[in-house]
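S.K.: Take this sequence and fold it.
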Amino acid sequence: MEQASSIVKQEAGIVAEREMRGRKESLPIWYMLALLLTTLLALFLNFFHLGYGGYGNIYYAAADKSMLLNWHNFFYVSFDPGGFVSVDKPPLAFWLQVASARLFGFHPWSLMLPQALAGVLSVPLLAYLVRRTYGPVAGLLAAITLAVTPVAVVTNRNLTMDSLLTFVLLLAAGAVLRAIETRRLRWLVLSFALVGVGFNIKMLDAYLVLPAFMLLYWFSAPSTKKERLRHLGLAFVVLLVVSFCWIMAVDLTPAAQRPFVGSSSDNSELQLALFYNGGDRFVGDIKELSLFPSPELLAMQKALPKFAQADFWIGNPGLFRLVTTPMGDEIGWLLPLAILGLLGVVWDKPSIWPLSRQQQGLALWGIWFLGQFIFFTSASFMHQYYVVVMAPAVAALLAIGIVTTWQDVTSRRRRWFLPLALLLTVVVQMVLLASYFSDWERWLMPLVLVVAVLAGGLLYFRTMSSKRRAWLLGIGLGIVLITPTIWSAISVFSGRSDAFPYAGPDVEQSQLGNEAVQMQQEQVPDPELIQYLLAHQGHARYLAATIDSTVAAPIILGTDKPVMAMGGYAGGDQILSVTHLQQLVANGTVHYFVLPQTFQESGAYLSPGLIEYQKNYQTLIDTMGIGNSNPLVSWIRTSCTEVPEQTWHSSQQVTLLDVYDCA
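M.R.: Numbers count the residues shown, from 1 in each chain. Prediction:
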């Protein structure tokens with residue numbers, strides 16, 4: 001009887017909301033102008049100098065180039081024009097990048113365009129979702145926070161697909177809220193279908209929001225338990241169909257008629273989704289470091305044992321991982337304010353059954369955040385930019401917490417809560433800034449600290465007028481937003497493009513040594529090597545073969561020719577046996593091989609600084625299994641003829657490559 005009464009009350013509320021929506025909703029002019037300016041800010045941060053630093057992730061860029069050549073490569077997301085091996089991600093983001101390249105030409109900015117657009121559109125979309133439950137001020141605060149969040153900015157300006165995933169999940173969140181409000185099954189089905197679309201962007205990463213959607217619908221939908229169970233069951237079936245339709249199409253295709261599934265252990269997209277891009281991300285270890293990393297990774301090679309244990313690049317697992325360097329540099333600047341805001345709202349307004357619209361919004365963003373927080377503080381195999389899917393929840397909780405706890409500043413018991421949240425946020429920012437020692441950080445740290453302490457302290461006094469208190473809160477929020485904004489702007493104005501995007505300043509070159517940096521810049525095969533391979537390809541199907549994708553990708557981008565990455569992305573895929581490779585050579589399919597040098601070969605004539613670098617480099621390739629311990633590499637070095645370096649590389653600059661002719 002009580003359940004029926006509760007449903008009747010919710011039905012009455014839905015009818016009232018529908019009637020209100022029937023009238024034209026009027027938004028304050030100040031809100032519309034402020035949201036427009038915030039969107040323009042996001043547009044600038046995401047598009048200024050877009051693609052200025054090149055492709056960044058040449059692995060994905062080479063796949064886009066290969067997919068442009070024919071429909072077979074397009075459907076199977078082939079890394080190389082010859083259709084030998086596929087990339088290690090699902091197709092949807094690449095399809096959008098290829099479509100953009102088809103429309104605007106093949107350039108770095110055209111490949112980054114879909115991600116940049118998704119990042120810009122996410123800002124007003126988040127504002128809309130938060131405003132519908134907590135009002136225009138909260139919506140605007142959420143939009144501003146997301147627009148300047150460092151990890152969001154750098155990921156939006158990259159070939160990685162996480163920005164597209166974030167946008168699709170925001171659309172799915174809007175659909176599930178509509179399903180609860182309207183009691184229409186089609187909105188719930190649409191929400192889960194959009195999560196399935198997200199699965200085809202980043203696989204199981206999209207499913208991290210499912211607990212939020214399912215729990216929210218179960219505890220908020222105005223229907224009986226039986227009806228809710230039926231609705232969720234149907235939506236889950238749609239989710240699985242949308243998620244796995246492409247995977248099943250690939251796995252049901254005979255292996256000889258499609259590329260090998262890159263980074264999988266058994267040539268299966270299903271195995272790739274469930275393990276390499278699934279469970280291994282939580283319990284695995286880092287083994288996918290590219291052979292010739294970008295400059296910011298060169299310093300990490302000097303601490304390779306730590307890096308191999310995954311405690312250098314993403315920090316140690318634990319509760320404080322997201323508020324300490326390096327992960328904190330991406331998402332941690334405002335995290336305390338968001339967490340304390342969530343706690344403050346729950347404390348101030350405990351759950352009342354049934355949940356109100358505001359409590360539904362809080363539950364959505366709170367569970368979204370908690371699910372991501374648990375994963376990212378525990379996972380052992382990921383990159384910094386993965387946390388971008390947490391950014392909307394952080395921005396929403398920050399905005400909701402500030403708007404809700406603002407009323408407490410006049411309360412005798414709870415007026416300390418908001419000032420404390422501001423001060424703790426500043427403390428975290430000081431800890432993060434302490435890792436950097438440039439001139440502008442020396443003046444930024446005291447400025448942020450002093451202004452935030454003054455604003456937070458003055459907010460505590462009850463005798464101050466409401467207007468002055470509002471100004472103080474605005475100043476406090478503005479000062480804590482300065483550091484993430486600067487961190488985002490550094491990456492924007494530098495025009496930097498990275499294989500693994502990160503926000504903030506570059507690694508100090510003094511840590512690397514000028515010689516090591518110069519060597520890294522020469523890792524892309526020079527035009528003379530490409531000209532030599534083109535002149536000697538003959539009737540071979542493949543221009544050359546390499547052990548991993550990092551050497552193959554620049555050659556593909558420079559020639560549009562098939563280049564075989566025998567070991568897939570990082571060189572560890574078991575695609576070929578030595579016997580199979582011998583058959584390919586005997587058949588004339590491929591006869592030139594481009595391999596990484598060994599330290600013993602090149603170390604003798606290098607300076608001490610470069611010798612140290614080479615030692616770490618050799619440890620790196622041995623750890624990855626692409627050195628002489630690899631059976632394919634060993635057979636090539638012992639059975640084929642090394643092409644003299646002066647034949648294909650006449651420059652005085654050092655190269656770390658060997659070329660072998662097996663014809």
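S.K.: since we're on L534, how many residues are nearby?
M.R.: 14 (other Cβ atoms under 10 Å). To be clear about C-beta, it is placed using only N, CA and C from the backbone, and glycine gets the same treatment.
S.K.: so what's it up against?
M.R.: By Cβ atoms under 8 Å, 6 or more residues apart in numbering, the contact set of L534 is 543, 559, 561.
S.K.: Of these, which belong to helices?
M.R.: Taking DSSP state H as the definition of helices, the contacts of L534 contribute T559.
S.K.: for the protein, which helix is longest?
M.R.: helix 108-148.
S.K.: low pLDDT regions in the protein?
M.R.: Low-confidence segments of the chain (pLDDT under 70): 1-25, 284-313, 348-353, 407-415, 437-442, 455-466, 469, 506-525, 598-628, 652-654.
S.K.: how is it carved up into domains?
M.R.: For the chain, the structural domains run 2-47+88-255+263-273+329-490, 516-661, going by automatic domain parsing.
S.K.: got a markdown table for those domains, with distance to R496 too?
M.R.: What follows is the domains of the chain, written out as a markdown table (distance: least, Cβ to Cβ, whole Å):
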| stretch | distance to R496 |
| --- | --- |
| domain 2-47+88-255+263-273+329-490 | 8 |
| domain 516-661 | 14 |
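S.K.: Tell me which of those lies nearest to L69.
M.R.: Proximity to L69 (Cβ to Cβ) singles out domain 516-661 among the domains of the chain, at 6.8 Å.
S.K.: Tell me which residues of stretch 32-52 come out buried.
M.R.: 34-35, 38-39, 41-43, 45-47, 50-51 (16 or more other Cβ atoms under 10 Å).
S.K.: and if you look at stretch 553-565?
M.R.: 553-559, 561-565.
S.K.: for these, which one is nearest G341?
M.R.: Distances from G341 to the buried residues of stretch 553-565, taken as Cβ to Cβ, are shortest for A553 (43.5 Å).
S.K.: what sits against the closest one?
M.R.: Here A553 is in contact with 58-59, 61-62, 79 (criterion: Cβ under 8 Å, 6+ apart).
S.K.: hang on, the earlier thing: can you check which of the domains of the chain gets nearest to G279?
M.R.: G279 sits nearest to domain 2-47+88-255+263-273+329-490 of all the domains of the chain, at 8.3 Å, using Cβ to Cβ.
S.K.: could you point out which element follows the host helix or strand of N200?
M.R.: The secondary structure element spanning N200 is helix 185-202 (assigned by DSSP states H and E). Using DSSP H and E, the helix or strand that follows helix 185-202 in sequence is helix 210-220.
S.K.: what about the nearest residue to S488 once chain neighbours are set aside, distance to I331?
M.R.: With sequence-adjacent residues excluded and distances taken as Cβ to Cβ, 6 or more residues apart in numbering, S488 is closest to V153, at 4.0 Å. To I331, V153 is 12 Å away according to Cβ to Cβ, to the nearest Å.
S.K.: Which of those two has more residues huddled nearby?
M.R.: V153 (31 against 27).
S.K.: is it true that the more buried one touches N46?
M.R.: Yes. Assessed by Cβ atoms under 8 Å, V153 is found in contact with N46 at 6.8 Å.
S.K.: gap between the closest residue to R178 other than its chain neighbours and R357?
M.R.: Leaving aside its chain neighbours, R178 sits nearest to W187 (4.3 Å; criterion: Cβ to Cβ, 6+ apart). W187 sits 15 Å away from R357 when distances are taken as Cβ to Cβ.
S.K.: re earlier: distance to V426 added to the buried residues of stretch 553-565, as TSV?
M.R.: Formatted as TSV, these follow (distance: Cβ to Cβ, whole Å):
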residue	distance to V426
A553	43
P554	44
I555	49
I556	48
L557	45
G558	49
T559	53
K561	55
P562	55
V563	51
M564	53
A565	48
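S.K.: Correct me if wrong: N200 contacts K89.
M.R.: No. Judged on Cβ under 8 Å, N200 makes no contact with K89 at a distance of 9.5 Å.
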